[in-house]
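A.B. asks: no sequence on this one, just coordinates:
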């Protein structure tokens, strides 16, 4: 009798384990069961899974991890599997496009584990139902998450932790606070609370729990500094004019194309990490194109256009040709530039120590003072805003 490889052995529906399988020289299987035998074409037999597969099939996350570490699995027929994989990937991609799923979800380790788990099941797997993913599977995942948090809670009791609050406003105008806990083991999301009727900070927690102390977010504080600086009359008026200029050009595609010809494809709008940083960085982009914008608004192309005859067009053109507009932009950049540099530092991927942030803040003040020739009257109000935060 020729012994079959281990992956050809199946235990199906409680069949007698003493039944043997033989393969003859013509590529047919002969199933011996009791006194009779039946010839079956092996190509028509579908491999099925049994209870033993549950014990010897590796967990999907383990397989994914080994693959990341460079482990290579043997294949029976690489050419065939390449075609099957192409078909499966095309089908899955079509589902992504149909459902509008973000492309970056492919990078999740959990996605690779899903593919591996489906592969372990084999052909004919019935997909989960709407009810399953909405109720029982969701509850099961919640239990898994709570079990994971137990390990974190043990770390909190041993080494302490930091309670982090992240405030934001949703589309319905509600003020929400997300609470997270950070420890050496990592950061865990705890709860989101509607605080529309309360202040959006942690001061009320300090009143109720004396052992807590409030440490504001460095990025948030810097953004508040820029916001307060933006309220200074000369800076506020300059920002309004700059945003009006920016909006007027970008809302008119043909005019935008003319501007790009004059600026050599350089843009005026520059998004940043925070709203007020975006305003100041946009001012910087406009200032860099000062000469090109002045050329555009004094060119024959502009003078012959319909926009030169509009009230709004005349107004934005006057801003560009106004010396005080550019002087106020320079003033705004002198006071905001060093602070935006600190903002980039604290909001980067690598978080510097808090002491280093305070040192960077002091250097920002030194840079501001130096830009005004150490004439204190020119930057005294700015320093008061910085020190208040």
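C.D. replies: Received, thanks. Computed from a predicted model, the values in this text were never measured in an experiment.
A.B. asks: strands of the stretch 1-150 of the chain, start to end?
C.D. replies: All strands of the stretch 1-150 of the chain, identified by DSSP state E, counting those that start in this stretch, fall at 20-23, 28-33, 36-41.
A.B. asks: before we move on, what about the stretch 151-300 of the chain?
C.D. replies: Using DSSP E, counting those that start in this stretch, strands in the stretch 151-300 of the chain cover 162-169, 175-183, 186-194.
A.B. asks: number of nearby residues for residue 361?
C.D. replies: 22 (other Cβ atoms under 10 Å). C-beta coordinates here come from the backbone N, C-alpha and C atoms, glycine included.
A.B. asks: ugh, wrong one, residue 248
C.D. replies: For residue 248, using other Cβ under 10 Å, the count is 19.
A.B. asks: same question, residue 161
C.D. replies: 19.
A.B. asks: that one against residue 179, yeah?
C.D. replies: No: between residue 161 and residue 179 there is no contact under Cβ atoms under 8 Å: 11.8 Å.
A.B. asks: ok, residue 111 - contacts?
C.D. replies: Each residue near residue 111 by Cβ atoms under 8 Å, 6 or more residues apart in numbering is listed here: residue 105.
A.B. asks: so how far is residue 86 from it?
C.D. replies: 18 Å (Cβ to Cβ, to the nearest Å).
A.B. asks: can you show me the helices along the stretch 201-350 of the chain?
C.D. replies: Secondary structure of the stretch 201-350 of the chain (DSSP state H, counting those that start in this stretch): helices at 203-208, 218-230, 233-250, 253-262, 275-288, 290-296, 300-303, 311-320, 323-346.
A.B. asks: nearest to residue 124, out of those helices?
C.D. replies: helix 218-230 (51.4 Å; Cβ to Cβ).
A.B. asks: contact partners of the closest one?
C.D. replies: 235-236, 239, 273-277, 279-280, 332, 335-336, 339-340, 342-343, 346-347, 354, 357, 382, 385-386, 388-389.
A.B. asks: okay, domains of this structure per the record?
C.D. replies: 6-52, 57-127, 138-215, 222-388 (automatic domain parsing).
A.B. asks: reformat those domains into a markdown table and put mean pLDDT next to each item.
C.D. replies: Below are these laid out as a markdown table (pLDDT from 0 to 100):
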| stretch | mean pLDDT |
| --- | --- |
| domain 6-52 | 42 |
| domain 57-127 | 83 |
| domain 138-215 | 82 |
| domain 222-388 | 90 |
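A.B. asks: in the chain, which residue is most central in space?
C.D. replies: Residue closest to the average C-alpha location in the chain (Cα atoms, centre = their mean): residue 104, at 8.9 Å.
A.B. asks: I'd like the distance between that one and residue 166.
C.D. replies: 21 Å.
A.B. asks: hmm, who's touching the helix or strand where residue 383 lies?
C.D. replies: Assigned by DSSP states H and E, residue 383 falls within helix 376-388. Contact with helix 376-388 is made by 225, 228, 229, 232, 335, 339, 361, 364, 365, 368, 369, 372, as judged by Cβ under 8 Å, 6+ apart.
A.B. asks: list the residues that contact residue 174.
C.D. replies: Per Cβ under 8 Å, 6+ apart, neighbours of residue 174: 194, 196.
A.B. asks: if I look at it, how far off is residue 227?
C.D. replies: With distances taken as Cβ to Cβ, residue 174 is found 21 Å from residue 227.
A.B. asks: kindly report the same for residue 307.
C.D. replies: To residue 227, residue 307 is 32 Å away according to Cβ to Cβ.
A.B. asks: do residue 211 as well
C.D. replies: On the measure of Cβ to Cβ, residue 211 and residue 227 end up 32 Å apart.
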